[in-house]
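K.L.:
One predicted model, sequence on top.
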Amino acid sequence: MKHFINIKDIPASDLRKIIEDAKKRKIKRKGFNKTDVDQDIPLKGKLLIQMFEKPSSRTRLSFYLAIKQLGGETLTIKANELHLGKGGESLADTAKILSTYGDGFMLRTDSDKKIEQFSKYLKIPIINGLSPSSHPTQILSDIFTVEEIKKKPISKLQISWIGDSNNVLNSLIAASVKFSFNLNIGCPKYYEPKKFVLNWVKKNKKKINIFNEAKKAVKNADVIFSDKVISLNDKVNKQKKIKDFKKFQINKKLMSFAKKDVTFLHCLPRGSEVSDEVFLGKNSKVWLQALNRAHVQKSILLYCFEKLR
Ligand code: CP
Ligand code: NVA
């Protein structure tokens, strides 16, 4: 059994294996209905328990489809429906129960410590479905999407991020080390990535480029990533932060500084960080990006269950 908690802690060769498996499986499913099961039924009889401490549309639905297509089932619970959520049962006992009834556990939480603690007590794999510090399933899926669209390894592409230094960016930074791609980040000075993230990059002998001017960050970009300026766990002055990011909106003018065939990606949900024109325009591949979550979740599940071919 293997946990899937942070991209930075997973060997690059395993991450690549997950992507290659997802590519093969997606091709093999051509013409299948959404809940048709893959021919090899690799997770027959397995139960994935999903718990959400905060909202989710894509992660919830893509894991539902993923386990179904692998021949297993999912049960989705809200934290406040468990004794744990009400303070009536310890995390260790809850982990024991989850391991008794389920085969895998996917958790979206406001606490990185909680994921770490669960990983200690669970006898089944845990998948991080978004935490304050990372969103690994999103970014691994996005690497898959980039390579599908551009038809080349991401290491041959110039990747840009315009936006807040949040959980999604942390995972993208970790991926830039694991997959060796060039990453330019554009954000206001006060919102640059945290020291511990930059130190980890340095320790891994990688360089990322940070610009406080959006057009410099997107120069020659093959792909521009973005995310909401205000994340679910943001406890900031929202109006001020949105104002601080005003010059970093991804609009047609900003896109013109990137390559002509630049791809725009956004994990969703969106806010004012991107104009409708770009979001709904021809360079935007956000719907394919969302769809691919289901394909990549499947290979992440297989990795966790040690069933990756
Ligand atoms: N991108 C993403 O994780 O979406 P949800 O919050 O809807 O799961
Ligand atoms: N950074 C966002 C991602 C949502 C999928 C958040 O944490 O709310």
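P.N.:
Sure thing, it's come through. Ligands and ions are numbered 1, 2, ... in the order given.
K.L.:
So which residues on the stretch 1-150 of the chain come close to ligand 1?
P.N.:
56-59, 130, 138 (Cβ under 6 Å from any ligand atom). For the C-beta atoms, the positions are set from N, CA and C on the backbone; glycine is no exception.
K.L.:
would you list every one of the strands in the stretch 51-200 of the chain?
P.N.:
Using DSSP state E, counting those that start in this stretch, the strands assigned to the stretch 51-200 of the chain run over residues 73-78, 104-108, 126-128, 158-162, 182-186.
K.L.:
out of those strands, which comes closest to ligand 2?
P.N.:
Of all the strands of the stretch 51-200 of the chain, strand 104-108 sits nearest to ligand 2, with 9.2 Å by Cβ to the nearest ligand atom.
K.L.:
Select from the residues of the stretch 1-150 of the chain next to ligand 1 the one having the most neighbours.
P.N.:
The most crowded member of those is Leu130, carrying 27 neighbours; neighbours defined as other Cβ atoms under 10 Å.
K.L.:
Quick check: phi and psi at that residue.
P.N.:
As for Leu130, its main-chain torsions (degrees, to the nearest 10) stand at phi 120, psi 130.
K.L.:
how many neighbours does Asp14 have?
P.N.:
Using other Cβ under 10 Å, Asp14 is surrounded by 13 other residues.
K.L.:
show me the contacts for it.
P.N.:
2, 303 (Cβ atoms under 8 Å, 6 or more residues apart in numbering).
K.L.:
Can you read off the pLDDT for it?
P.N.:
pLDDT, Asp14: 98.
K.L.:
How about the residue in the stretch 101-250 of the chain positioned nearest to ligand 1: what's its closest non-neighbour residue?
P.N.:
When distances are taken as Cβ to the nearest ligand atom, the stretch 101-250 of the chain approaches ligand 1 most closely through Gln138, which lies 5.3 Å from it. Counting by Cβ to Cβ, 6 or more residues apart in numbering, the nearest residue to Gln138 once its immediate chain neighbours are dropped is Cys267, at 5.1 Å.
K.L.:
Ser160 now?
P.N.:
Spatial nearest neighbour of Ser160, excluding adjacent residues (Cβ to Cβ, 6+ apart): Ala221 at 4.0 Å.
K.L.:
any chance you could map the helices in the stretch 201-309 of the chain?
P.N.:
Here the stretch 201-309 of the chain has its helices, by DSSP state H, counting those that start in this stretch, at 214-218, 238-244, 252-255, 276-279, 286-304.
K.L.:
Would you confirm that Lys285 contacts Asp261?
P.N.:
No. With the criterion set as Cβ atoms under 8 Å, Lys285 and Asp261 do not qualify as a contacting pair; they are 11.3 Å apart.
K.L.:
Mean neighbour count and mean pLDDT added to the strands of the stretch 51-200 of the chain, as TSV?
P.N.:
As requested, those are exported to TSV (neighbours: other Cβ atoms under 10 Å; pLDDT from 0 to 100):
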stretch	mean neighbour count	mean pLDDT
strand 73-78	15	96
strand 104-108	26	98
strand 126-128	25	98
strand 158-162	25	98
strand 182-186	22	98
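K.L.:
Now tabulate those strands in JSON lines and tack on distance to Glu213.
P.N.:
Putting the strands of the stretch 51-200 of the chain into JSON lines (distance: least, Cβ to Cβ, whole Å) gives the following:
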{"stretch": "strand 73-78", "distance to Glu213": "42"}
{"stretch": "strand 104-108", "distance to Glu213": "34"}
{"stretch": "strand 126-128", "distance to Glu213": "33"}
{"stretch": "strand 158-162", "distance to Glu213": "11"}
{"stretch": "strand 182-186", "distance to Glu213": "7"}
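K.L.:
Cool, thanks, talk later.
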